[in-house]
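In: Sequence and predicted model, in that order:
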Amino acid sequence: DAGVIQSPRHEVTEMGQEVTLRCKPISGHNSLFWYRQTMMRGLELLIYFNNNVPIDDSGMPEDRFSAKMPNASFSTLKIQPSEPRDSAVYFCASSPRTGGGGYTFGSGTRLTVV
Amino acid sequence: QQQVKQSPQSLIVQKGGISIINCAYENTAFDYFPWYQQFPGKGPALLIAIRPDVSEKKEGRFTISFNKSAKQFSLHIMDSQPGDSATYFCAAGGAGTALIFGKGTTLSVSS
C-alpha cells in the first residue's frame, strides 16, 4: 500500500497565481480530508468528502479556495488567486469512514506564496 | 468548528522522564479521541486512541487517560526517549464529523 500520495511536495508561487494541490487517497477509503497546518493555527480542517461528495466546507477560508473530488482516487485543492497568507503546509488524509479512526495522512505540500 | 484545547505548547523532558500532554474538548457528542505524532517533514501518524467507555488505555510506553465528566484527556509517555521528540496532536471526533485537532505540543527529550 503506497499510502496517501500528495503532489507536489513543495510549491513556490507568486502572489496572484493559481495553485493546484493534488491528492490520491488510499484505495477503498470512502472519506477524504484536506487540512492546513500553520504554526499559529495548528491543523485546521478545510473540507471533507464522503464517497466523493463534499460534506462540510465550512473551513474553507474564502472563495479563493475550491476543492473537487471527481472520482474515488483523486482530489484537488485549488487556490486562485494565491496570497502570501496562504503559505502553509497542506495535508490530505483519507479514512475508511468519516467519524472515528483510521485517518492516514499524506506527507503534505509545503506552499510558499511570495 | 468545535474547539479542542491542548497544552502545553512545548515541553522539554529529560530522558527517562514522564511526558504529559493535556487536552480538553467541548462537544459531548465526540466519541473518539486519538493522539497523533508528527516528525518534521512528515504527516501526522496515529499513535494511540481511546473511546469514552474506558478511562485509560495503554500501549507500550504510551497511555491515554480519559475523564468524561471533565471533558478532558491526556497523553502520558513513560520513560521518554530522544526518539520521542516530535509534535503531538490530540484530536476529537464523532460519527459523521471530521476530526478536530488541538494546536499541537512540541516535545523535546534531552539526553
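Out: That came in fine, so what should we check first? Numbering: from 1, shown residues only, chains lettered A, B, ... in the order given.

In: Quick one: the strands in chain B, in order.
Out: B:4-7, B:10-14, B:19-25, B:33-38, B:45-50, B:56-59, B:62-67, B:72-77, B:86-92, B:100-101, B:105-110 (DSSP state E).

In: Next: chain A.
Out: Using DSSP E, strands in chain A cover A:5-7, A:10-13, A:19-24, A:31-38, A:42-50, A:53-56, A:65-71, A:74-79, A:88-95, A:104-105, A:109-113.

In: want to try JSON lines for the ones you listed, with mean pLDDT as columns?
Out: Output for the strands of chain A, formatted as JSON lines (pLDDT from 0 to 100):
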{"stretch": "strand A:5-7", "mean pLDDT": "97"}
{"stretch": "strand A:10-13", "mean pLDDT": "97"}
{"stretch": "strand A:19-24", "mean pLDDT": "98"}
{"stretch": "strand A:31-38", "mean pLDDT": "96"}
{"stretch": "strand A:42-50", "mean pLDDT": "94"}
{"stretch": "strand A:53-56", "mean pLDDT": "93"}
{"stretch": "strand A:65-71", "mean pLDDT": "97"}
{"stretch": "strand A:74-79", "mean pLDDT": "98"}
{"stretch": "strand A:88-95", "mean pLDDT": "96"}
{"stretch": "strand A:104-105", "mean pLDDT": "95"}
{"stretch": "strand A:109-113", "mean pLDDT": "98"}
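
In: of the strands of chain B, which approaches chain A most closely?
Out: Chain A lies closest, by CB to the nearest CB, to one member of these: strand B:100-101, at 4.0 Å. From N, CA and C alone the C-beta is placed, and that goes for glycine too.

In: what's the burial count for residue A:53?
Out: Using other CB atoms under 10 Å in any protein chain shown, the number of residues around residue A:53 comes to 8.

In: which strand residues sit across from it in the sheet?
Out: The partner list for residue A:53 in beta bridges (DSSP bridges) reads residue A:50.

In: Tell me the spacing between it and residue A:77.
Out: As for residue A:53, its distance to residue A:77 is 16 Å (criterion: CB to CB, to the nearest Å).

In: What of residue A:101?
Out: 23 Å.

In: Likewise for residue A:84?
Out: Using CB to CB, residue A:84 is found at 18 Å from residue A:77.

In: Tell me who's in contact with the nearest residue in space to residue B:90 that is not next to it in sequence.
Out: Distances taken as CB to CB, 6 or more residues apart in numbering or on different chains put residue B:23 closest to residue B:90, at 3.7 Å, once the chain neighbours are dropped. By CB atoms under 8 Å, 6 or more residues apart in numbering or on different chains, the contact set of residue B:23 is B:4-7, B:33, B:72-75, B:90, B:92, B:102.
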